[in-house]
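>>> next one to model:
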Amino acid sequence: MSNMLRVPQNLPDRIQAVRERMRRAVERAGRDVDSVTLLAITKAHSVETIRAAAACGLEHFGESYVKEALPKIETLEGLELTWHFVGQLQANKTRPVAEHFAWVHGVDRLRIAERLSEQRPFHAPPLNVCLQVNVGDESTKAGVAPAELPALAEAVALLPRLAVRGLMCIPPPEEDEARQRQWFAETARLMRHLHVPGTTLDTLSMGMSADFEIAIEEGATIVRVGTALFGPREPAD
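Down below sits the predicted model:
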């Protein structure tokens, strides 16, 4: 991991600034500040950066690539962090994800869910999953079509080693705030109308560095923030 990015010198200030933006957004929405989890996206960032972020109070970390994530998880095992897989998951990578992560945010196919359930260790709690919805119907993005969501949710909920917690989206980027807001509102509406027997749907994973405040105002419970915390991903010299 020699090509990982350096620890930002102003990391505590960056974390505090994001938390303050989150607090104001939560207040505007009339919600409790504890209702939103800050998920730090640390792909391309070093173990030292994650350790420094944890020292500032962050507990939830998101990775997109299995090969990059596993050494970090092993090295930082003593910190008892909560690891989220947020990338597009391939069938041949499900076992290490099932074994080492607590959350998977991008489940959009039953076969992937079946493999995760089969490969989840029995000594571990059920793996928390969010179903990814392609809310903008974009051909370049993963995610289940909204019309196919209920059937997928019901099928995944029957798998014994998974816990369906809610929905995840990566909406189209919009210049207009109102249009950006509508995608988050639509994802929240989809979850409100999703009824899966025996499942408690309590999680909306939506919003990133550029739009997490709008996402919070529309109901996000997990925001996935990387650049606002750690700066742009410019390679180290």
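
>>> contacts only, for the residue lying closest to Glu114 once chain neighbours are set aside.
Distances taken as C-beta to C-beta, 6 or more residues apart in numbering place Leu159 nearest to Glu114, at 6.4 Å, with adjacent residues excluded. For glycine as for every other residue, the C-beta is placed from the backbone atoms N, C-alpha and C. Applying C-beta atoms under 8 Å, 6 or more residues apart in numbering to Leu159 gives the contacts Ala113, Glu114, Leu116, Ser117.

>>> would you map the helices across the chain?
Secondary structure of the chain (DSSP state H): helices at 11-28, 47-55, 66-75, 94-100, 110-119, 149-157, 177-192, 212-217, 227-230.

>>> buried ones among the contacts of Leu159?
Ala113, Glu114, Leu116, Ser117 (16 or more other C-beta atoms under 10 Å).

>>> max pairwise distance over these: which two?
Maximum pairwise distance in the buried ones among the contacts of Leu159, criterion C-beta to C-beta, is 7.3 Å, between Glu114 and Leu116.

>>> distance between the ends of stretch 82-92?
In stretch 82-92, first residue to last residue: 23 Å (C-alpha to C-alpha, to the nearest Å).

>>> in it, what counts as buried?
Applying 16+ other C-beta under 10 Å to stretch 82-92 flags Trp83, His84, Phe85, Val86, Gly87, Leu89 as buried.

>>> check stretch 162-180 too.
Leu162, Ala163, Val164, Arg165, Gly166, Leu167, Met168, Cys169, Ile170, Pro171, Gln180.

>>> quick check, nearest of the residues you listed to Gly57?
Arg165 (23.0 Å).

>>> what's opposite Thr203 in the beta bridge?
Gly166 (DSSP bridges).

>>> tell me the contacts of it?
Asn128, Cys130, Arg165, Gly166, Leu167, Thr221, Ile222.

>>> and the last one, what is it in contact with?
Going back to what we said before, that points to Ile222. Counting by C-beta under 8 Å, 6+ apart, Ile222 has contacts Val36, Thr37, Leu39, His60, His105, Thr203, Leu204, Ser205, Met206.

>>> again, only using 7 Å
Residues in contact with Ile222, defined by C-beta atoms under 7 Å, 6 or more residues apart in numbering, are Thr37, Leu39, Thr203, Ser205.
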